[in-house]
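**Q** Got a sequence here, can you model it:
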Amino acid sequence: MHVKLLPTPVQASALEATLHVCNRAANHASGVAFAKELKDRNGLQKAVYADLKATFGLSAQPVVRAVKKVVDAYATLNANLRAGNLGPPTTKRHRKAVSTPILFRPQAAQPFDDRCLSWQYDARTVSIWTVDGRMKGVRFACSPDQFKRLVAYRKGESDLVQRGGKWFLIATCDLPDPEPYEPVGFIGVDRGIVNLATTSDGTNHQGRRLSRYRCWQARKRPELQARRTRSATRRLARRARKERRHAADVNHRISKEIVSVAQRTGRGIAVEKLDGIRERVRLRGDQRVILSSWPFRQLGQHLAYKTRKAGVPFLEVDAAYTSQRCPRCGYTERANRPNRDRFCCRRCGLAGPADVVAGVNVRDRARAAWVFVTAPAPSP
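**A** I've put the predicted structure just below:
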């Protein structure tokens, strides 16, 4: 959970200096870990503990946190190498990853545990260790719901982060998941490009505004790339972050509305399983850009975690022929969908919006799947 800090200018200066020193110390520890091939936390801590305290002026617990950050970073790198996320060993990206030590940006997040960070909930302040000493009375702000979760469920480390000149503490909260209730039915959700989400109830969440925004960003991108200056590169990065935040906000609002309707009506939510869809289809060059920026996976992730948080049943069903199958008679043929928007069954004549029909098929498959999932196991 992100908690916004409201430091004074003096406090902000001390926090910034702390991040810089801690990340320089982490870079030093990373170089030692790379040179001596130290992958375990105890071995690396034994090798750099005294040096980090003497050279960088860190206290005992920040040294421990910096060492753990380095060890976790190398563990993540090794996992990505094993999974093939950095390509085969012959690629430039793979060779660079294994031939140089990991480096941390000066503003990279720094973890703090309860020994070097304490929360004063009544005063809405935190006390945090800095290179200038223990700093007390740093104010924080959050919504009433966030504050309740923070008080009841905060546990473990909190990461200090600076983003866009603003300061945040990313607090770890261990929230218990409620047990899903027995649904009286399901809401089928069909995800698409033109219509980001269409439910079996007929609710349509269009994606035209998001598509227009992405097209506008795509037109501006070549203009900045042609300048080839550092300021243009920074502006491109800011625009990319803004575009991702905009798409995430759209998906948050859509998923929140769908989950609230399901919770209010006592139903579950079902979506199509679209894994590997980008590899299965063959498109023209102009269509590939649209498909690659289609945020269907993020929408599914938002629905999954929001339903888990609300105790709403959630299922993924087979996506095969959901847009070509008639939900009334079961007749399946490509000709049932003469164009993108309309569905008309060639056998029984059922007609309607294609995305709504697909959502109904998803709903019906979820009903059958739920009966199978919740059926009691046969006795031996």
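**Q** so Thr18 is in which element?
**A** Under the criterion of DSSP states H and E, Thr18 resides in helix 9-36.
**Q** And that helix, what does it pack against?
**A** For helix 9-36, the packing partners by 3 or more CB pairs under 8 Å, 6 or more residues apart in numbering; DSSP states H and E come out as helix 41-56, helix 60-83, strand 110-112, strand 125-130, strand 133-141, strand 154-163. Where you see a C-beta, it was placed from the backbone N, CA and C, and this is true even at glycine.
**Q** pLDDT on that helix, on average?
**A** Regarding helix 9-36, the rounded mean pLDDT is 95.
**Q** Low-confidence stretches in this structure?
**A** By pLDDT under 70, the low-scoring segments of the chain are 276-294, 372-380.
**Q** In it, which residue is most central in space?
**A** Gln298 (7.3 Å; CA atoms, centre = their mean).
**Q** May I ask you to confirm that it is in contact with Asp249?
**A** No - Gln298 is beyond contact range of Asp249, at 10.9 Å (criterion: CB atoms under 8 Å).
**Q** any chance you could map the strands in the stretch 101-250 of the chain?
**A** Assigned strands in the stretch 101-250 of the chain, in chain order: 110-112, 117-120, 125-130, 133-141, 154-163, 166-173, 186-191, 195-199, 204-206 (criterion: DSSP state E, counting those that start in this stretch).
**Q** Quick one, which of those strands gets closest to Asn336.
**A** Proximity to Asn336 (CB to CB) singles out strand 186-191 among these, at 15.0 Å.
**Q** Now do the closest one against strand 195-199, angle only.
**A** If you take axes from the mean of the first three to the mean of the last three CA atoms, to 10 degrees, strand 186-191 sits at 170 degrees to strand 195-199.
**Q** Given strand 186-191, what are its sheet partners and their directions?
**A** If you go by DSSP bridges, strand 186-191 pairs up with strand 195-199 (antiparallel), strand 268-273 (parallel).
**Q** Make TSV out of the ones you listed and add mean neighbour count.
**A** Shown next, in TSV, are the strands paired with strand 186-191 (neighbours: other CB atoms under 10 Å):
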stretch	mean neighbour count
strand 195-199	24
strand 268-273	24
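**Q** Now render those strands as CSV, adding distance to Asn78.
**A** Formatted as CSV, the strands paired with strand 186-191 follow (distance: least, CB to CB, whole Å):
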stretch, distance to Asn78
strand 195-199, 37
strand 268-273, 30
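**Q** So which of those strands is nearest Gly349?
**A** Comparing the strands paired with strand 186-191 by CB to CB, strand 195-199 comes nearest, at 21.6 Å.
**Q** chain center to that closest one: distance?
**A** Here strand 195-199 is found 21 Å from its chain centre; the criterion is CA atoms, centre = their mean, to the nearest Å.
**Q** Kindly export that strand (C-alpha atoms) in PDB.
**A** What follows is strand 195-199, C-alpha atoms only, in PDB (Å, rounded to 0.1, in the frame of the first residue of the first chain):
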ATOM      1  CA  ASN A 195     -15.000  -2.600 -26.300                       C
ATOM      2  CA  LEU A 196     -12.600  -3.200 -23.500                       C
ATOM      3  CA  ALA A 197     -15.200  -5.200 -21.500                       C
ATOM      4  CA  THR A 198     -18.800  -6.300 -22.300                       C
ATOM      5  CA  THR A 199     -20.800  -8.100 -19.700                       C
END
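**Q** which outside residues touch that strand?
**A** Applying CB atoms under 8 Å, 6 or more residues apart in numbering, the contact partners of strand 195-199 are 187-192, 204-207, 210, 250-251, 254, 258, 261, 295-296, 299, 353, 355-356, 358-359.
**Q** end to end, how far does stretch 176-189 reach?
**A** Using CA to CA, to the nearest Å, one end of stretch 176-189 lies 26 Å from the other.
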